[in-house]
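Engineer: The following comprises the amino acid sequence and a computationally predicted model.
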Amino acid sequence: RHEQKSMSRKFEARKAAHKALKAKDKDAPPLKEMPYSNRLKAAIRKVAKRHTKVARVRDHFAKKNASIVETRCRRLAIERHSIDFMLKNRRTSRSASDVALGIQYHALASKLGPARYQEVANRRAGIGGNSQTCLCGASVPKALSERWHHCPECGLEGDRDWISANIVQHMAFGTVHESLYAACGQQVVERALALLERRGEAQVGGGETRAGGRT
């Protein structure tokens, strides 16, 4: 950012110099034909080097992180969000650019392969957003500040992100995590899966719904 500000100041100085020249001589050449100063050329080279370094650091981190995930996880399901939406949001644009989500998605897909890596939508067709619904398919609307999930229909409850992660896993592979059975009880989870099967939700990448499936 420091080098870019320095370069920007030199470009503004170039515009001001051209404006002054234009005021003195109406036949002066246009701005695009005005040669760059040596300092401006040096600033452009510095910014290009910084951008190259940042791109290499991001690429290295993404590949390194994908390698760690590949050794720790047998399978991986990711809830895909629109990168364009995060880049347009003024609160998340800088952080989304810094972590380079697109590069990370590509590195994970390349490292794990199609058999072990699945991307699913952040909404279920005919049901709603993953964080606003239950595993059983019932609608459980929550404000962003509410971090606890409780479904009045099947009785499933737990941390909102943890429940959403199980929904994503079920959408991708047709299974849920063992911790869900341990925390909520086998009867509650199987009731939720049975209700989901009755609703007839189609699986993405995981074949047909397998009630009671574990991983």
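Structural biologist: Great, that's in hand.

Engineer: ok, residues contacting the host helix or strand of residue 12?
Structural biologist: Using DSSP states H and E, residue 12 maps to helix 2-24. Around helix 2-24, the neighbours that count as contacts under Cβ atoms under 8 Å, 6 or more residues apart in numbering are 28, 31, 34, 36, 37, 39, 40, 43, 44, 46, 47, 50. For glycine as for every other residue, the C-beta is placed from the backbone atoms N, C-alpha and C.

Engineer: did I read that right, the fourth one in a strand?
Structural biologist: No - counting by DSSP: H, G, I helix; E, B strand; the rest coil, residue 36 falls outside a strand, being coil.

Engineer: Could you list which of the contacts of helix 2-24 belong to strands?
Structural biologist: Among the contacts of helix 2-24, no residue falls in strands (DSSP state E).

Engineer: PyMOL command for the buried members of these?
Structural biologist: This is the PyMOL syntax for the buried subset of the contacts of helix 2-24, where burial follows 16 or more other Cβ atoms under 10 Å:
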select buried, resi 40+43+47
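
Engineer: mind checking how far stretch 103-117 is from the chain centre?
Structural biologist: 14 Å (Cα atoms, centre = their mean, to the nearest Å).

Engineer: for that stretch, what is the average pLDDT?
Structural biologist: The average pLDDT within stretch 103-117 is 93.

Engineer: rewinding a little: could I get the contacts of helix 2-24 in TSV, plus columns for pLDDT?
Structural biologist: Putting the contacts of helix 2-24 into TSV (pLDDT from 0 to 100) gives the following:
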residue	pLDDT
28	88
31	91
34	90
36	94
37	93
39	95
40	96
43	96
44	97
46	96
47	97
50	96
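
Engineer: and the two most separated of the contacts of helix 2-24?
Structural biologist: Spanning the widest gap among these are 28 and 50, at 33.3 Å by Cβ to Cβ.

Engineer: Residue ranges in this structure under the pLDDT threshold?
Structural biologist: 201-215 (pLDDT under 70).
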